[in-house]
Structures are given as C-alpha cells and as structure tokens.
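> Structure for this input, please:
(2 chains)
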Amino acid sequence: MSNTSFTFELRGGETSGELTRFLPGEGVQGSVRITPDIDLNARHVYVRLLWHTEGRGDRDEVVITQEDVFQGVLRAGTPVHYTFHFRLPDEPWSYAGHYVSIVWEIEASIDLAFMRDPRDQIAFILAPD
Amino acid sequence: MALFGVPFIAIGVFLMVLALWRKITGVKIAPPVVLVSNPAPALGEKIRVEWELRFRTKTILQEARIELLFRESASYTQGTDSRTDRHEVVNEFSEIPIGEMTARESVHGQADFIIPEDGMHSFQGQNNQLEWLLRVRLNALEWPDLEEEYLLDVKAQKAWGL
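Next up, the predicted model:
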C-alpha cells in the first residue's frame, strides 16, 4: 500500500479561521505537491473541484470540474507539482448546521490499477461577504 | 409470509389516517390561502404574506399563527430502512386573530417577514435539504390541529446586492 504525501497551497481568498474563504464566482488557484513513497504507475492524476455534504444524512457530492493533470509513472521520493485554477460557481455556499454541512474542497487523487487510489483534499469556504 | 405484509399494511393504514385527518380538519376550516409577494426572495429581502382563512362551520380558534422557518432535512439509510431527521428553527412568526368564528366567515390579513441576511439559501440535495418555509398553524377547540406549509426558494443572493 502506498503512503503518498499531498501538500496543497491555495492562493488568493481571505483567511477565515483555519480555512481560506473565496467569494462565489471567484477564481481559486493553487498547487498540489505529490510525493509517493513507492513508484506508482498512475493511469491518471486528477485534481477536482467539488462539494459534498457531511452530517446525519447520506452524502451528497457534486464534482464541479476535474482536470486530468498527469498520466505515467510517479517516482518514489520524487515530488511532482501541479497547479490548478478553477472558477467557483455561485452556489451552494459553505454551511455548517445541525444535521447538514456543505463542504467545498480541492481534491487530488491518483488513479491506480488494482490498488486503492491515494487521495487527499484541502477544504475551503465558499461564501459571500 | 403474513409477517412480510405487515409493514405494507401499516404504511397503507398510516396513509389512510393521514388522508382522513386532512379531511377532518378540512370539514371546519378550508386550506388556508397564502400569497407571497416574492416566493423566491434573496437573503435580507422583506416579503409580504397575505393570508385568508375560511371557516365552514362555527369554530373556536384557540391559537393561530403564521411562521417563517428554516428546516434542515437529512435522509439516511439504516439497514434496509430509510430515515429522515429534521431540525427546524422558527425565525419569525405573526399572530393570526383568534376567537369564535361563525360558519362561512372568512378572515384575512397580512404580515411582513424578513429572510435573515446572514442566513443560508435554499439547497436541494438528493439526501440533504435546506428549506425556507411559511407554515400556518391553527389550533381549534375540540378539533385536530391544522398545519399547512408553503415552500420558499431563497436565492443565493443578498438583497442589498441586487
């Protein structure tokens, strides 16, 4: 099993607690550095913009957009760096309620054959002023 | 085999009782008529609600109000069952005049509500919903309570930004 590290960096937005807040319709850009601990033959490396729900109910999830940023071999211990730039939609806004929360994320994942796909996310806030 | 049919019979009985309940409440009071100035308001927007109640028989109204409420609904599967939990917050309400109403009497009025500017817009997921509603609640003496709901579609916009 691979132990791959993902390091995200978001640019722009406004710091809000531990997260970065972006306005509806704004662009979110940044980068992800991926360092596998073993050689990985990646069918795809995806970077996605998505939201999902958390809380009492079953999960709702919508992938807004997805970029296929790499196909090939990722070498053990060799970091690779991908940048992304997504335009945020107007809604849904981030929300934290009693039974329902809406969480926005940038997710990176490595699509592998016959192995669990390594993945990680960075959450951010989508909300107006 | 007989046990297998029990849940379906129970559901059928429940639906019949529900339908009967609505019929019973409707014997005295017709379903409220509610008109909203804008059924798709923005956050921070004021909406005017006009309501009309028609009484079919003499009715003593003990409690009556119209509420603006925000509801979270979360549906989940537990084993083979599907369940929905709801959490409601009544944001504002307006009292409707109470007392003795005569047969064929109709009363009407209006109320203004403001969708909170710092609130959340309406959201419809497959398993999770965030809803704004107007709810009319009537409590008549010696009669089942009547509750009617009217869904609003609150936009992901602030009124001051329009």
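> and B:Thr59, what does it touch?
B:28-29, B:100-101, B:140-141, B:143 (CB atoms under 8 Å, 6 or more residues apart in numbering or on different chains). Where you see a C-beta, it was placed from the backbone N, CA and C, and this is true even at glycine.
> what's the answer for B:Val34, then?
Counted by CB under 8 Å, 6+ apart, B:Val34 has contacts B:49-51, B:66, B:134, B:136, B:148, B:150.
> Derive a ChimeraX selection command for the buried subset of the contacts of B:Thr59.
Provided next is the ChimeraX selection string for whichever of the contacts of B:Thr59 are buried by 16 or more other CB atoms under 10 Å in any protein chain shown:
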select /B:28,29,101,140,143
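> Which ones among the contacts of B:Thr59 lie within strands?
Among the contacts of B:Thr59, the ones falling in strands (DSSP state E) are B:100-101, B:140.
> ok, back up a step: tell me the most packed of the contacts of B:Val34, by neighbour count.
B:Ile66 (24 neighbours; other CB atoms under 10 Å in any protein chain shown).
> Who does that residue form a beta bridge with?
Taking DSSP bridges as the rule, B:Ile66 bridges to B:Ser94, B:Val136.
> if I look at it, how far off is chain A?
Applying CB to the nearest CB, to the nearest Å, the value for B:Ile66 to chain A is 23 Å.
> and that residue, what does it touch?
Contacts of B:Ile66 by CB under 8 Å, 6+ apart are B:34, B:49, B:51, B:93-94, B:96, B:111, B:134-137.
> A:Arg116: helix or strand, and which one exactly?
Per DSSP states H and E, A:Arg116 falls between elements, in no helix or strand.
> Export the ones in strands among the contacts of B:Thr59 to CSV and append columns for pLDDT.
CSV is the format used below for the ones in strands among the contacts of B:Thr59 (pLDDT from 0 to 100):
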residue, pLDDT
B:Glu100, 93
B:Met101, 92
B:Ala140, 90
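> Go through those residues and say which is closest to chain A.
B:Ala140 (31.6 Å; CB to the nearest CB).
> Quick check: closest non-adjacent residue to the closest one.
B:Thr59 (5.0 Å; CB to CB, 6 or more residues apart in numbering or on different chains).
> Could you report the distance from that neighbour to chain A?
Using CB to the nearest CB, we find B:Thr59 at a distance of 36 Å from chain A.
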